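J.: here is my input, please return the structure:
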Amino acid sequence: MAILRDADSECDRWLGVVIGNSRWHWALFQGESLIKTWDTPHFKDRILQLPWGEILPVYLASVVMSQSQLWQDYPLLREITLSDIPLTGLYPTLGCDRALAVWGATRRYNSPCLVIDAGTALTFTGASLTRFTGGAILPGLSLQLRSLHQDTDALPPVSLPVSLPSRWQDNTPDAIASGVLYTALATIRDFSRDWLQLYPQGQLLLTGGDGERLLQFLAEMESGFNFRYDPNLVFWGLRSLCFS
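T.: Numbers count the residues shown, from 1 in each chain. Model (predicted):
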């Protein structure tokens, strides 16, 4: 079901672009082969050609309307919507990036899959075979840390630590890191436990900007679950739409 590309273009280079709440995520493909990925900040000007001067086919998924409109005059654009993703049960306001990620997970790994996306938001998205099974959304780690600083008078800015801190702290910055991290980790474990009760053979997949760090923290605390980290789930979803 190659709904995006013609069979005779499988050797061509093309770009997948996913616009998230904080960044643009790029992937360069040669046919079905992923060559490289990178991220950039949001853009301000219209995209008439790619930043390095080349024009390639672009397959775009976006959750930020003002950013996707910057592509409106690009000559080789195909914008992906929820209707392109062959999962049943999708609701109209579901982020296209979440649907693409869980679709990519089911294509690359055994279904059922629970995708835990640790980006600006921390999201849980489940699918079994070709059915969307639901999910949840809460603030991401950096958003929680930033909100505590910006929306209070006295709490300092805090960054994610490089290793899992101890739970009980005796100073404010470390207490903030402990509170945010252990709450997020407990939430991930609770949702994962419930998912595996529903789908005992289900896969647990972490992705997103903080996904690898969370995988490290979960390993340090010996979570008891088999998590896998894959930063490219949305691009596996795009590729599947192009070539499956």
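
J.: now for the host helix or strand of Asp194, which elements pack on it?
T.: Here Asp194 sits within helix 172-198, counting by DSSP states H and E. Counting contacts by 3 or more CB pairs under 8 Å, 6 or more residues apart in numbering; DSSP states H and E, helix 172-198 is packed against strand 113-118, strand 121-128, strand 131-139, helix 141-150, strand 203-207, helix 211-220. All C-beta spots, glycine's among them, are computed from the backbone N, C-alpha and C.

J.: swap the cut-off to 10 Å and go again
T.: Helix 172-198 is packed against strand 113-118, strand 121-128, strand 131-139, helix 141-150, strand 203-207, helix 211-220, strand 227-229, with contacts defined by 3 or more CB pairs under 10 Å, 6 or more residues apart in numbering; DSSP states H and E.

J.: now the end-to-end length of stretch 42-53.
T.: 18 Å (CA to CA, to the nearest Å).

J.: quick one: Ala118 from Trp168, how far?
T.: 24 Å (CB to CB, to the nearest Å).

J.: who's in contact with the residue lying closest to Leu143 once chain neighbours are set aside?
T.: Counting by CB to CB, 6 or more residues apart in numbering, Thr120 is the residue found nearest to Leu143 once chain neighbours are left out, at 5.9 Å. Thr120 makes contact with 20-23, 63, 139-143, 208-210 under the criterion CB atoms under 10 Å, 6 or more residues apart in numbering.

J.: closest one to Asp12 among the helices and strands packed on helix 172-198?
T.: Asp12 sits nearest to strand 203-207 of all the helices and strands packed on helix 172-198, at 26.6 Å, using CB to CB.

J.: the closest one - what's its average pLDDT?
T.: Throughout strand 203-207, pLDDT has a mean value of 98.

J.: parallel or antiparallel, list what pairs with it.
T.: strand 113-118 (parallel), strand 227-229 (parallel) (DSSP bridges).

J.: tell me where the model's unsure across the chain.
T.: Filtered on pLDDT under 70, the chain yields the residue ranges 1-11.

J.: gap between Asn172 and Gly104?
T.: Check again: residue 172 is Thr, not Asn. When Thr172 is compared with Gly104 (using CB to CB), they lie 40 Å apart.

J.: thinking again about what came up before, kindly reformat the strands paired with strand 203-207 as JSON lines containing distance to Thr37 and mean neighbour count.
T.: Output for the strands paired with strand 203-207, formatted as JSON lines (distance: least, CB to CB, whole Å; neighbours: other CB atoms under 10 Å):
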{"stretch": "strand 113-118", "distance to Thr37": "15", "mean neighbour count": "27"}
{"stretch": "strand 227-229", "distance to Thr37": "14", "mean neighbour count": "17"}
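
J.: got a markdown table for those, with distance to Ile85 too?
T.: Shown next, in a markdown table, are the strands paired with strand 203-207 (distance: least, CB to CB, whole Å):
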| stretch | distance to Ile85 |
| --- | --- |
| strand 113-118 | 13 |
| strand 227-229 | 21 |
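
J.: residues touching the closest residue to Gly202 other than its chain neighbours, list them.
T.: In this structure, Gly202 finds its nearest non-sequential neighbour in Pro112, 4.3 Å apart by CB to CB, 6+ apart. By CB under 10 Å, 6+ apart, the contact list for Pro112 reads 102, 105-106, 126-129, 131, 133, 195-196, 198-203.

J.: quick one: contacts for the residue of the chain most remote from its centre?
T.: In the chain, Asp170 marks the outermost C-alpha relative to the chain mean, sitting 34.2 Å out by CA atoms, centre = their mean. Applying CB under 10 Å, 6+ apart to Asp170 gives no contacts.

J.: isn't Leu76 right up against Arg13?
T.: No - in this structure Leu76 lies outside contact range of Arg13 using CB atoms under 10 Å: 11.3 Å.

J.: need the overlap of contacts for these two.
T.: 56-57.
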